[in-house]
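1. need a 3D model of the sequence below.
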Amino acid sequence: MLIRQVALVPEDVDVDAGEVVRVAAALQKQVTRDFAPIWDIPGTVDGFAKLEDVPLGYWPVLLVRDVADAAGVHLDENGQPFALVEVGDSWSLTASHETLEMLADPFGNRLVGSASPMPDQGRVEILVEVCDPPEDAEFAYQVNGVLVSDFYTPRYFDPVRRRDGVYDFTGAIAEPREVLRGGYLSWHDPSDDHWYQETFFEGSEPQFRDLGRLSRQNGSLRAMIDALTPQTRRLSRLPRDAEPLQASLTASAGLRGASAARAEGLRTQIRELVARSTDGV
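-> Have a look, this model is predicted:
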């Protein structure tokens, strides 16, 4: 089986190289421990200092200053996926989101037949975007003190709710095709060739909207849907006092303190080993 390889790399933006490597390590752990066993999709995530360092065969997740209307996964001139992530205090959440969606559907066009979330619409084709329905920071979790995205499982498309059903990694989704607060779901209705969404960005209940027909001349289905859903771009720039971000920063500080203590202990041991070796010569 070919392993999908993702490169996390800054592009014309000031992000500390250590931070890039730290987030890449957390995403690698998320992919290996959490995502791959559920989706049966092996992958690697590595951090690089600049785009020129990325080997051929890697799909870049680029950290940029401002995405405007270009957030999410796109295809390059050779049809290979890359993603743009706006840098902010919570950029790891968006990087996790885009990495998992890139691994699940690299080319942004995978559709799954399912009952429509909209009453009386019948059977439709749902776009596979594994992080969109539970994408809000409220449902994120931490890996190594790094804030990462929740994601749904293949059981999300089950025809009915089951008592033993697990529909997302954190357990926040209670039934198939549920959209949590701050999330959304997109699908195509073959009967009228329109695209629809269920969104939960405002109010106390999700809302449905008709996106009409989409022109495939504008790139992958995911790229077109992302451009029509600007609310997702706020995830990289959570308010500094947002509870999920504060919890992540606190956990990260504690972990860094423990890592620093371990590093100093290891350096002391190395110095002692070298000293004994020198004394024995």
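
2. in the stretch 51-200 of the chain, what residue spans correspond to strands?
-> Secondary structure of the stretch 51-200 of the chain (DSSP state E, counting those that start in this stretch): strands at 59-64, 72-75, 81-86, 111-115, 123-127, 141-143, 146-148, 184-189, 194-199.

3. mean confidence score for the last one?
-> For strand 194-199, the mean pLDDT works out to 97.

4. which one of the strands of the stretch 51-200 of the chain lies nearest to F157?
-> strand 111-115 (5.0 Å; C-beta to C-beta). Placement of C-beta: from N, CA and C, glycine included.

5. low-confidence stretches in the stretch 151-281 of the chain?
-> For the stretch 151-281 of the chain, applying pLDDT under 70 flags the ranges 216-218, 232-233, 280-281.

6. which residue is nearest the centroid of the protein?
-> Centrality entry for the chain: nearest residue to the mean C-alpha point is H97, 1.2 Å, by C-alpha atoms, centre = their mean.

7. can you pull the contacts of it?
-> The neighbours of H97, taking C-beta atoms under 8 Å, 6 or more residues apart in numbering as the test, are C131, E135, S149, L235.

8. same check on W39?
-> Contacts for W39 (C-beta under 8 Å, 6+ apart) come out as L103, A104, V130, T153, P154.

9. nearest to G183, of those residues?
-> Among these, and counting by C-beta to C-beta, the member closest to G183 is V130, at 11.4 Å.

10. ok, the closest one touching T99?
-> No. Judged on C-beta atoms under 8 Å, V130 makes no contact with T99 at a distance of 10.5 Å.

11. those two - which one has more neighbours?
-> Of the pair V130 and T99, T99 is the one with more neighbours under other C-beta atoms under 10 Å, namely 30 against 25.

12. run through the residues that contact the more buried one.
-> T99 touches V6, L8, L27, V31, V45, V61, A83, counting by C-beta under 8 Å, 6+ apart.

13. nearest residue to R213 in space, please, no chain neighbours.
-> The shortest distance from R213 to any non-neighbouring residue, by C-beta to C-beta, 6 or more residues apart in numbering, is to D193 (5.5 Å).

14. gap between that neighbour and G265?
-> Counting by C-beta to C-beta, to the nearest Å, the separation of D193 from G265 is 64 Å.

15. for D105, same thing?
-> For D105 relative to G265 (C-beta to C-beta), the value is 44 Å.

16. tell me which of these two has more neighbours.
-> D105 (21 against 10).

17. ok, now which ones touch the more buried one?
-> By C-beta under 8 Å, 6+ apart, the neighbours of D105 are V128, E129, V130, R222.

18. how about the helices in the stretch 151-281 of the chain?
-> Ranges of helices within the stretch 151-281 of the chain are 221-227, 243-279, based on DSSP state H, counting those that start in this stretch.

19. ranking the ones you listed by burial, who's on top?
-> Highest mean neighbour count among the helices of the stretch 151-281 of the chain (mean count of other C-beta atoms under 10 Å): helix 221-227, with a mean of 22.

20. helices or strands next to it in the packing?
-> strand 72-75, strand 123-127 (3 or more C-beta pairs under 8 Å, 6 or more residues apart in numbering; DSSP states H and E).

21. who's in contact with the last one?
-> Read it as strand 123-127. With C-beta under 8 Å, 6+ apart, strand 123-127 has contacts from 110-116, 157, 177, 185-190, 196, 221-222, 225.
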